[in-house]
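In: my questions are about this predicted structure, shown below with the sequence.
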Amino acid sequence: MTAHTDTPGSVTTVFKVSGMSCGHCEGAVSGEISEIPGVSSVQAVASSGEVTVVSADALDEEAVRAAVDEAGFELVGRA
């Protein structure tokens, strides 16, 4: 598991997402994940398929999967 604490009160988790190919894809994924309660930062990188999420607590992977699905992509799992 790649979740780790950066600063007190925050957890950073890196997820792999398949299907992203451009900045629009990154924005769609970031926008959906950013709506999950507790998420403070999302950075999606299409070239690597990685999405780095900073949140107040560890995220429920199913909530992330639902957000990625809503954006039209597939969550592979934690990177």
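Out: Received it, and whenever you're ready, just let me know what you need.
In: identify the bridge partners of the residue lying closest to Gly77 once chain neighbours are set aside.
Out: Leaving aside its sequence neighbours, Gly77 sits nearest to Lys16 (Cβ to Cβ, 6 or more residues apart in numbering; 6.0 Å). No exception for glycine: its C-beta is placed from N, CA and C like everyone else's. Under DSSP bridges, the beta-bridge partners of Lys16 are Glu50, Gly77.
In: need the strands for the chain, in chain order.
Out: Assigned by DSSP state E, the chain shows strands spanning 4-5, 11-18, 39-45, 50-55, 74-78.
In: counting neighbours, what do you get for Phe67?
Out: For the record, residue 67 is Ala, not Phe. Neighbour count of Ala67, defined by other Cβ atoms under 10 Å: 24.
In: just give the nearest non-adjacent residue to it, would you?
Out: That would be Glu32: by Cβ to Cβ, 6+ apart, it lies 4.0 Å from Ala67.
In: between the strands of the chain, which gets nearest to Cys25?
Out: Closest to Cys25 of the strands of the chain is strand 39-45 (Cβ to Cβ; 7.5 Å).
In: which strands border the closest one, and is each parallel or antiparallel?
Out: With DSSP bridges as the test, strand 39-45 is paired with strand 50-55 (antiparallel).
In: now the strand it pairs with: average pLDDT?
Out: Averaging pLDDT along strand 50-55 yields 98.
In: extract the CA atoms of that strand and return them as CSV.
Out: C-alpha atoms of strand 50-55 as CSV (Å, rounded to 0.1, in the frame of the first residue of the first chain):
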residue,chain,number,x,y,z
GLU,A,50,-1.1,7.7,-11.8
VAL,A,51,-3.4,9.8,-9.7
THR,A,52,-2.0,11.2,-6.4
VAL,A,53,-4.6,12.1,-3.9
VAL,A,54,-4.1,14.0,-0.6
SER,A,55,-6.9,13.5,1.9
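In: off-centre distance for that strand?
Out: 4 Å (Cα atoms, centre = their mean, to the nearest Å).
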